[in-house]
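In: Have a look; sequence and predicted model below, questions after that.
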Number of protein chains: 2
Amino acid sequence: MMKPHSNPATRAVEDQVRQFESVRTAHQSEIVEDYVELIADLIHQYGSARPKDIAERLGVAQPTVTKNLARLKREKLILHEPYRSIQLTDEGRQLAASCRKRHRTVVEFLIALGVSSEVAEHDAEGIEHHVSEETLQVFEAYASRRET
Amino acid sequence: MMKPHSNPATRAVEDQVRQFESVRTAHQSEIVEDYVELIADLIHQYGSARPKDIAERLGVAQPTVTKNLARLKREKLILHEPYRSIQLTDEGRQLAASCRKRHRTVVEFLIALGVSSEVAEHDAEGIEHHVSEETLQVFEAYASRRET
DNA sequence: ACAATAAGTTAGCCATGGCTAATTAAGTTA
DNA sequence: TAACTTAATTAGCCATGGCTAACTTATTGT
Ligand SMILES: [Mn+2]
Ligand SMILES: [Mn+2]
Ligand SMILES: [Mn+2]
Ligand SMILES: [Mn+2]
């Protein structure tokens, strides 16, 4: 129907592809990251993490949690025998720690910037998974400069 | 195995649920938002938007695009007859405009903050879908203050 | 100890968003 | 016009992450 679309900006196309690919990749890790972070929190708070608690915090049904835990187990981030409580592997603990740190960095950055703490907590839950190392460092620098 | 998990922070639990629910909701709109924005760009650049071009920009196979376009059509954001080029409805055009604006706000904010423009573009592609109105306004204020 | 309750799992459904292979339609060129 | 090439669609596969209903296991209280 129209002209054959010459390529005036072929360069930029490949960059854009990489961006979208990154977003898709990030989406694949999101659940994993939120789960390990939450499991670590629950263990810290209650001494153990149960599917029930996870379901309650996430606002999903228990079978959904069971299914997702199977993935975490497959990826060797947790140890979990049926009907027993959930343990983090070393790798899981490590991932949890870095997710937690990143999460807090994003929250504190937003607050330092002037966002209300409720909204900061809210937005951080999604933003955290899409922040690259470089950006994270800029966030950190800004927040610590502001709070000192 | 452990104690019955009393509720020392029941209040916070519901907030957390709302946060995770928001993230899940945002994920459902992401593809729609990125597609309409991209379609608008293509129409602006080339005069028309074809599945081929969309596939190329996103880095996915053409049948994936065909399938997702069916959803956009179902949601009345585009008009699309088989083998013809894609049109945005009024609603689609409106959504595209606001996505584009939000996208640019996020990019410009990150750049103003000190993130390199490549990384800013990269991170914005994901972050944009998780920024609330309040945060967006803070971003905008910061960027315009910085650039003036 | 055992009945009742709560927690966890399994089975089976749905929508989404990827993919490849095969087919059909449109557009270009000899 | 007919052949060839390119674009688009369809069919059918997979993984993920939701759900409900039904069943099993553990825990608790009498
Ligand atoms: Mn988090
Ligand atoms: Mn999160
Ligand atoms: Mn965008
Ligand atoms: Mn995007």
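Out: Good, I have the coordinates. All values derive from a computational prediction rather than experimental measurement. Residues are numbered from 1 along each chain as shown, chains lettered A, B, ... in the order given. Ligands and ions are numbered 1, 2, ... in the order given.
In: Which parts of chain A are strands?
Out: A:78-79, A:87-88 (DSSP state E).
In: now the ones you listed as JSON lines including distance to residue B:42?
Out: C-beta here means a position set from N, CA and C on the backbone, and glycine is covered the same way. Formatted as JSON lines, those follow (distance: least, C-beta to C-beta, whole Å):
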{"stretch": "strand A:78-79", "distance to residue B:42": "44"}
{"stretch": "strand A:87-88", "distance to residue B:42": "46"}
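In: And these: which comes nearest residue A:127?
Out: strand A:87-88 (24.2 Å; C-beta to C-beta).
In: Reformat the strands of chain A as a markdown table; add mean pLDDT.
Out: As requested, those are exported to a markdown table (pLDDT from 0 to 100):
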| stretch | mean pLDDT |
| --- | --- |
| strand A:78-79 | 96 |
| strand A:87-88 | 97 |
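In: can I get the ones you listed in TSV with mean neighbour count and distance to ligand 4?
Out: TSV is the format used below for those (neighbours: other C-beta atoms under 10 Å in any protein chain shown; distance: least, C-beta to the ion, whole Å):
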stretch	mean neighbour count	distance to ligand 4
strand A:78-79	18	31
strand A:87-88	18	32
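In: Ligand 1 is nearest to which of the ones you listed?
Out: strand A:87-88 (15.3 Å; C-beta to the ion).
In: helices or strands up against that closest one?
Out: helix A:10-46, strand A:78-79 (3 or more C-beta pairs under 8 Å, 6 or more residues apart in numbering or on different chains; DSSP states H and E).
In: would you turn the ones you listed into a markdown table with distance to residue B:33?
Out: Listed next are those as a markdown table, based on distance: least, C-beta to C-beta, whole Å:
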| stretch | distance to residue B:33 |
| --- | --- |
| helix A:10-46 | 11 |
| strand A:78-79 | 33 |
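In: Quick check: which of these is nearest to residue B:76?
Out: So among the helices and strands packed on strand A:87-88, helix A:10-46 is nearest, using C-beta to C-beta, at 24.1 Å.
In: Out of the helices and strands packed on strand A:87-88, which is closest to ligand 3?
Out: Between the helices and strands packed on strand A:87-88, helix A:10-46 lies closest to ligand 3; by C-beta to the ion that is 8.9 Å.
In: Buried by neighbour count: which residues of the closest one qualify?
Out: Neighbour counts over helix A:10-46 (16 or more other C-beta atoms under 10 Å in any protein chain shown) mark A:16, A:19-20, A:22-23, A:26, A:30, A:32-43, A:46 as buried.
In: for stretch A:85-101, same thing?
Out: Result for stretch A:85-101 [16+ other C-beta under 10 Å]: buried residues A:85-86, A:88-89, A:92-93, A:95-96, A:99-100.
In: Go through the residues you listed and name the one nearest residue B:120.
Out: For the buried residues of stretch A:85-101, the nearest to residue B:120 is residue A:99 (22.8 Å; C-beta to C-beta).
In: what residue ranges in chain A score low on pLDDT?
Out: By pLDDT under 70, the weakly predicted segments of chain A are A:1-11.
In: How about the residues of it by DNA strand D?
Out: With the criterion set to C-beta under 7 Å from any atom of the strand, chain A comes near DNA strand D through A:28, A:30-31, A:58-61, A:63-64, A:67-68, A:71, A:82-83.
In: most surrounded residue in the residues you listed?
Out: residue A:58 (22 neighbours; other C-beta atoms under 10 Å in any protein chain shown).
In: ok, now how distant is that one from residue A:85?
Out: Between residue A:58 and residue A:85 the distance is 17 Å, computed by C-beta to C-beta, to the nearest Å.
In: next one: residue A:76
Out: Distance from residue A:76 to residue A:85, by C-beta to C-beta: 18 Å.
In: can you check residue A:132 too?
Out: 35 Å.
In: next one: residue A:125
Out: 25 Å.
In: Which ones, among the buried residues of helix A:10-46, also lie beside ligand 1?
Out: The residues of those that also fall near ligand 1, by C-beta under 5 Å from the ion, are residue A:37.
In: Report how many residues lie close to residue A:122.
Out: 25.
In: Check the one 3 residues further on too.
Out: Here the number of neighbours of residue A:125 (other C-beta under 10 Å) works out to 23.
In: Up against ligand 2, what does chain A have?
Out: With C-beta under 5 Å from the ion as the criterion, chain A meets ligand 2 at residues A:34, A:125.
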